[in-house]
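>>> Give me the fold of what follows.
(chains A, B and C)
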Amino acid sequence: MLRFLVRRVLGALVILLLISAITYFLFFFLPSDPALLSCGKNCSPQNVALIRKNLGLDLPIWTQYWHFMVGIFAGRDMPIGHCPAPCFGYSFADQQLVWDTIADRYPTTLSLAIGGATVFLCVGVGLGLVSAWQQGRAFDRIASGVSLVGNSVQIYFLGPIAIGLFASSWHVLDRGHDPDWSHDPWGSVQGLILPCMVLSVIFWSNYSRQTRSLMVEQMSEDHIRAARAKGMSSRYVFLRYALRGAAASIITIFGIDLSAVLGGAIITEVTFGLHGLGLLSVQAVLRSDLPLEMAVMLIGATIIVVCNIVVDAAYALIDPRIRLS
Amino acid sequence: MSILTKTEAGPPGPGDPAPSGPFLSVRDLYVQFATEDGVVKAVDGLSFDLERGRTLGIVGESGSGKSVTNLAVLGLHNPRNTTIRGEIVLDGQELTGASERTLERLRGRKMAMIFQDSLTALSPYYTVGRQIAEPYMKHMGASRKAARERAIEMLARVGIPQPRLRVDDFPHQFSGGMRQRAMIAMALVCDPALVIADEPTTALDVTVQAQILDLLKDLQRETGTAIVIITHDLGVVANTADDVMVMYAGRCVERGTVREILKSPEHPYSWGLLASIPRLSAPVDLPLSPIPGAPPSLLNPPSGCPFHPRCAFAEEVGGGRCATVRPGIPEDERRGFACHLGRERKREIFTGQIQPRLGGGAR
Amino acid sequence: MSVPQQDHAPRETMNPLLEVTGLRKYFPVRGGFLVKRHVADVRAVDGIDFTIAEGESLGLVGESGCGKSTTGRLVTRLLEPSAGRIAYRGRDITHSTRKELAPIRSEIQMIFQDPYASLNPRQTVGHIVSAPLEINGINPPGGREKRVRELLETVGLNPEHYNRFPHEFSGGQRQRIGVARALALEPKLIVADEPVSALDVSIQAQVVNLLQRLQRELGIAFLFIAHDLAVVRHFSQRVAVMYLGRIVEVGERRDIYERPRHPYTHALLSASPEPDPDDRNATERIRLAGDVPSPVSPPSGCRFRTRCWKAQDRCAAEEPPLVRLEGNREGHLSACHFPEEPTTAARGEDIVLDPALAALEETTADKTL
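Okay, here's the model as predicted:
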């Protein structure tokens, strides 16, 4: 197991390095000039040159990339000021420390992701389990129908409707705002309920369908029949044997989805006016803000890679055939 | 531990009603599945009896209904698309209408099953020991620790070396033969009075098959269990069964003792089976005599005798009766066959055409 | 074309069609930390010799993992041998390239176990059977379709079914399609790998008879690979018994089945279930213990020694050569230091090595006393 983890972590580092390099070099193929953008309206060539020097854009690309990567681990002194590790530099656009901006925004994304993921996992898997248990009966059919609808709606359609109904008309839920856990935990929860619910809809409908079909498939396996043949109750067999078999596949999908929402749920953020990582990444691209882009990109990639390793480890925990071979 | 000594002492345990008549009795069993293409008549009016301590071999090709019958006995069919009619009486208790709760108490305790493929029939997620211990805890109310000890004892009995270590292994760490032994241990852990073995050795190599079959026989001798062994292999039947039932298209076409079926069969399908298999002792210059055609579809089984489209002697029966009249089989006799062919003519065919192919006793 | 059918025609008069010497196939096992490297070998086939004469059928029996299927695939060159030599009509084809093999490919054909998996479900029967003709650019007189219809008739299928698809046929009929395809190029040697083991009992005989007819009428030689000893006995004039990648005994059918010398052959024959209730008492009873060892690290010396009741120190030290033992007839070779008597008759005492069986049988024997 330890060998496996070490191997996966080493592999992950290589992948992250590759992603960082590709992102960095791709940026310089873009036609826009960040120095020109941050120079403002009244811009002289001297100013542009100065800004370029301040941002370090006058150095060769390889050197810039090297400085950037070293900064992440060791921090670096920049013309604009010291940048402690992990240093992603200063934003080209607003000259703030990129890491501070992210630290400011990430709680929103993290809260939204964890809240949404909890809802969609519990609701989706729960619905799927009940559907599989009630296979062919009324509940199963209704749940399938609802899931199908849920699978096909879009957040930018569902979001405004939910705000209109729950917040504006009935005043039962908050319309959504950024959380502030240290000063107003209860308000933070209230502000997240609606966004989390809406975000989870498109996911849980998928989970309920997947869980149902995985469980139905598992229930037709030989070892399920064998377990029943030794007198174990249907419910025991369903929860201990079949669910164990379905869990590996569910976790795999969950890992992918979780890493996606942890990297920022752009549409949900925009719909509810939240200031998370998703929105930040859009802004970074639009403003040609290389340090911010790099930071968002690398954080997203790291999350995906870490989620993958966690999924694989969970897989090994569930399935002894993987753990012991 | 006490269970083992109890059954070694012999006949039924405390609480079991005294056996009167057959231990398992199936009467007029019909099993039908609803499928997209129509209703499959998997078992079509089947009756048989089995006594304690005896082994019944059920022989047939794929689709003959032999596995379905036994799933019906255990109540393991899918209730959503399956209808069952008829009587299944186990030790005086009617099973066809029994509640799921009743069946759960009987399964694993009074009747157990050994499956064909031990790789798929054991859950890959739990240790062998746990899977053996589970029914013991449920049915005997044993503690986790006692059940584990029992699992180790069972593994030792079925010949797993170092059972105390191997009890914590997962099924994939066992070889095929060892897994099948573990499955036998799992089926026998509560000393069931009836064991149904569905092709228990088909997936195994011959030398391992011989070990496993002998193990079943020896364990039976020790515990007095009744065994139903389902197989397509007449050699397996010859080695294990006391009585044999030959199934074709969901019906019993012939039954009798193993000697009667293998040495003096009366039904043309039994003849066909026996004449079509190569033997170690039969003359090699005689080509095999295959049964023409293929087994019928159970969506639309042939009228009359289900075997008549493949039967070489159907024409000899007057009035086309084979195609119209379903031949009966006497219900309460041990020996029986469902065929319209006359007794004299049958003897003639058997001695003339079939017997020479059956080979001499010794190789 | 007809071929002498006697069980043991003098072998020198036949030309060896196929000659295999020292054939080996090792499958590498890769493992290790960070960098995958070659750590061991699965020795699937580990040095075997045999010949097949023209029109002869050689049976290859053994349990799973003994290397019999791999041998078949090596002979048809679906696998590349690791060592040894395969000669077809005296020509070395061990490492021939695709191009060099082309003229021979048509003469060596293969029939597989699973008739369904080996037929393309999207092609008609006519297409499947005529494919070998097309690929090899053969235009038989009267056209390919006529030839295919003839082939379908030869294997007992209705030529009218030319345009049907494999799923419209039963298992036995599908295997016939496979046979027709193998026959399309008028092969001289067919490697049949478990050709009937996936079929129902009543259907097996149909296919065995068909293959036997082809062998006799067309003079095709067979390498008949199967785990069922009775089927092999029925089909093959000579039989080789394999264990863990080696041939342990080979000989005429009668030698192997009636006068076996190698303990493993005895064990196999004893374990093979015969549909005769009297057989139990008439023949010896041998029950081995445990399973076949891993072919990654086979036992030293004689590979069967770990499960053999006659094994002594010499068996571990010295690998027994495959030779004609004293008392063996011409062509009957056994690889054993301490061979058994040449009979399968019941012994005074059963040989039961399985500890569970031995224990159970001891207690019941005690009770009956």
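>>> domains of the chain?
With no chain named, the answer covers chain A. What automatic domain parsing lists as the domains of chain A is A:2-83, A:98-323.
>>> not quite, I wanted chain B
According to automatic domain parsing, the domains of chain B span B:124-182, B:266-358.
>>> out of these, deepest packed?
Most buried of the domains of chain B, by mean neighbour count (mean count of other C-beta atoms under 10 Å in any protein chain shown): domain B:124-182, with a mean of 20. No exception for glycine: its C-beta is placed from N, CA and C like everyone else's.
>>> Buried residues of stretch B:77-91, list them for me.
Buried residues in stretch B:77-91, defined by neighbour count with 16 or more other C-beta atoms under 10 Å in any protein chain shown: B:77, B:82, B:84, B:86, B:88-91.
>>> For it, what is the distance to the chain centroid?
Between the mean C-alpha location of stretch B:77-91 and the chain-wide mean there is a distance of 17 Å, by C-alpha atoms, centre = their mean, to the nearest Å.
>>> so which of the domains of chain A gets nearest chain B?
domain A:98-323 (3.2 Å; C-beta to the nearest C-beta).
>>> what about residue 255, neighbour count?
Picking chain A for this. Neighbours of residue A:255 under the rule other C-beta atoms under 10 Å in any protein chain shown: 20.
>>> Let me rephrase: I mean chain C.
Residues lying near residue C:255 (other C-beta under 10 Å) number 24.
>>> Check residue A:133 too.
Residue A:133: 19 surrounding residues under other C-beta under 10 Å.
>>> before we move on, the earlier item: looking at the domains of chain A, spot the one closest to chain C.
Closest to chain C of the domains of chain A is domain A:2-83 (C-beta to the nearest C-beta; 5.8 Å).
>>> for the closest residue to chain A within the stretch 1-150 of chain B, what are its contacts?
Here the residue of the stretch 1-150 of chain B nearest chain A is residue B:108; by C-beta to the nearest C-beta that distance is 3.2 Å. By C-beta atoms under 8 Å, 6 or more residues apart in numbering or on different chains, the contact list for residue B:108 reads A:229-232, B:135, B:138-139, B:189-190, B:192.
>>> Between which two of those is the distance greatest?
Using C-beta to C-beta, the contacts of residue B:108 span at most 14.6 Å, a distance reached by A:232 and B:192.
>>> about what we covered before: chain C: which of the buried residues of stretch B:77-91 is nearest?
For the buried residues of stretch B:77-91, the closest approach to chain C (C-beta to the nearest C-beta) belongs to residue B:77, at 23.0 Å.
>>> re earlier: just the buried residues from the contacts of residue B:108, in ChimeraX please.
Applying 16+ other C-beta under 10 Å to these leaves a buried subset, and the ChimeraX line that selects it is:
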select /A:229,230,231,232 /B:135,138,139,189,190,192
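>>> Closest to residue A:169 out of the contacts of residue B:108?
residue A:232 (50.5 Å).
>>> How about the secondary structure of the closest one?
Three-state assignment for residue A:232 (DSSP: H, G, I helix; E, B strand; the rest coil): coil.
>>> tell me the contacts of it?
For residue A:232, the contact set (C-beta under 8 Å, 6+ apart) comprises A:240-241, B:104, B:108, B:134-135, B:138.
>>> can you list these in a markdown table and add pLDDT?
Listed next are the contacts of residue A:232 as a markdown table, based on pLDDT from 0 to 100:
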| residue | pLDDT |
| --- | --- |
| A:240 | 92 |
| A:241 | 93 |
| B:104 | 93 |
| B:108 | 93 |
| B:134 | 95 |
| B:135 | 95 |
| B:138 | 94 |
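>>> Narrow the residues you listed to those in helices?
Of the contacts of residue A:232, the ones assigned to helices by DSSP state H are B:104, B:134-135, B:138.
>>> For residue B:101, the count of nearby residues, please.
A count of neighbours around residue B:101, defined by other C-beta under 10 Å, yields 8.
>>> sec struct for it, please.
With three-state DSSP as the basis, residue B:101 sits in helix.
>>> From chain C, how far out is the residue of the stretch 1-150 of chain B closest to chain A?
22 Å (C-beta to the nearest C-beta, to the nearest Å).
>>> Tell me which stretches of chain C form strands.
Under the criterion DSSP state E, chain C carries strands at the ranges C:16-31, C:37-53, C:57-61, C:83-88, C:91-92, C:108-111, C:189-193, C:221-226, C:238-243, C:246-252, C:286-287, C:333-334, C:351-352.
>>> possible to save those as a markdown table with distance to chain A and mean pLDDT?
What follows is the strands of chain C, written out as a markdown table (distance: least, C-beta to the nearest C-beta, whole Å; pLDDT from 0 to 100):
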| stretch | distance to chain A | mean pLDDT |
| --- | --- | --- |
| strand C:16-31 | 10 | 92 |
| strand C:37-53 | 14 | 92 |
| strand C:57-61 | 29 | 96 |
| strand C:83-88 | 30 | 94 |
| strand C:91-92 | 40 | 91 |
| strand C:108-111 | 30 | 92 |
| strand C:189-193 | 27 | 94 |
| strand C:221-226 | 27 | 96 |
| strand C:238-243 | 27 | 96 |
| strand C:246-252 | 28 | 96 |
| strand C:286-287 | 27 | 92 |
| strand C:333-334 | 39 | 96 |
| strand C:351-352 | 29 | 91 |
